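**Student:** coords please:
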Amino acid sequence: MTKVLYTGSFDPITKGHMNIIEQASSLFDEVIVAVLQNSKKGAGFFTLEERVALLEKIYQTCENIKVITGSGAAVDIATLYECKAIIRGLRGLTDFDYEIGMAGINKDISNGQINTVCLFADNNYQNISSSMVKEVFSLDKPIAKYVDPIVEEAMYQKKLTFERKINDGS
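**Tutor:** Numbering: from 1, shown residues only. The predicted structure is shown next:
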């Protein structure tokens with residue numbers, strides 16, 4: 001069985017992320033999606049637990065996609081789950097430059113055991129990022145084109161809950 005690891009903060013998971021996950025699930029026996037907290041991005045829109053719950057709901061009928069949380073080096077998570085490779089999604093040259101360096105480091109620190117497989121999202125998802133989705137959402141613009149309906153609903157519910165707290169003086 002060939003297992004691969006796909007890591008990210010997924011805050012929120014976008015249709016671009018989903019496209020990469022779905023491509024990987026058609027190529028490999030099992031895709032382990034590790035939801036990580038990105039310390040460079042602060043607390044985030046969704047908590048780690050909320051992000052995991054959203055991914056589990058989206059992929060509840062996909063038997064070869066497993067959602068976990070993790071911390072530390074991706075190669076350590078990959079080794080722990082007996083993955084042969086780390087999946088990375090590429091959007092453009094800046095992603096490529098970064099990922100080629102990380103691929104070499106990951107292979108080195110895993111003693112040659114963990115490879116990196118880069119996949120490209122379909123054209124209509126190439127420019128989508130979680131940061132862009134949050135920015136569009138903060139401007140009260142539609143996000144249905146960029147996220148799954150489950151994620152869209154969760155974002156609106158979270159915003160509504162926040163607005164209620166503010167209006168109640170909490």
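**Student:** CA atoms of stretch 77-88 as CSV?
**Tutor:** C-alpha atoms of stretch 77-88 as CSV (Å, rounded to 0.1, in the frame of the first residue of the first chain):
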residue,chain,number,x,y,z
ILE,A,77,4.8,12.8,10.4
ALA,A,78,5.4,11.0,7.1
THR,A,79,7.7,8.4,8.7
LEU,A,80,5.3,7.9,11.6
TYR,A,81,2.4,7.1,9.2
GLU,A,82,4.7,5.0,6.9
CYS,A,83,4.2,7.4,3.9
LYS,A,84,6.5,7.1,0.9
ALA,A,85,6.2,10.7,-0.1
ILE,A,86,5.0,14.1,0.8
ILE,A,87,2.5,15.7,-1.6
ARG,A,88,3.0,19.4,-2.4
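**Student:** can you give me the buried ones in that stretch?
**Tutor:** By neighbour count with 16 or more other CB atoms under 10 Å, stretch 77-88 contains the buried residues 77-78, 81, 83-88. C-beta coordinates here come from the backbone N, C-alpha and C atoms, glycine included.
**Student:** which pair in the residues you listed spans the largest distance?
**Tutor:** Distance extremes for those: the farthest pair is Y81 and R88 at 16.4 Å, using CB to CB.
**Student:** run through the neighbouring helices and strands of the longest helix anywhere in the chain.
**Tutor:** Secondary structure of the chain per DSSP state H: the longest helix is helix 149-168. Packing partners of helix 149-168 (3 or more CB pairs under 8 Å, 6 or more residues apart in numbering; DSSP states H and E): helix 48-58.
**Student:** buried residues of the helix it packs on, list them for me.
**Tutor:** So, applying 16+ other CB under 10 Å, buried residues of helix 48-58: 48, 50-55, 58.
**Student:** closest to E30 out of the residues you listed?
**Tutor:** So of the buried residues of helix 48-58, ranked by how close each gets to E30 (CB to CB), first place is L55, at 14.8 Å.
**Student:** all strands for the chain, in order.
**Tutor:** 3-8, 30-35, 65-69, 85-90, 115-120 (DSSP state E).
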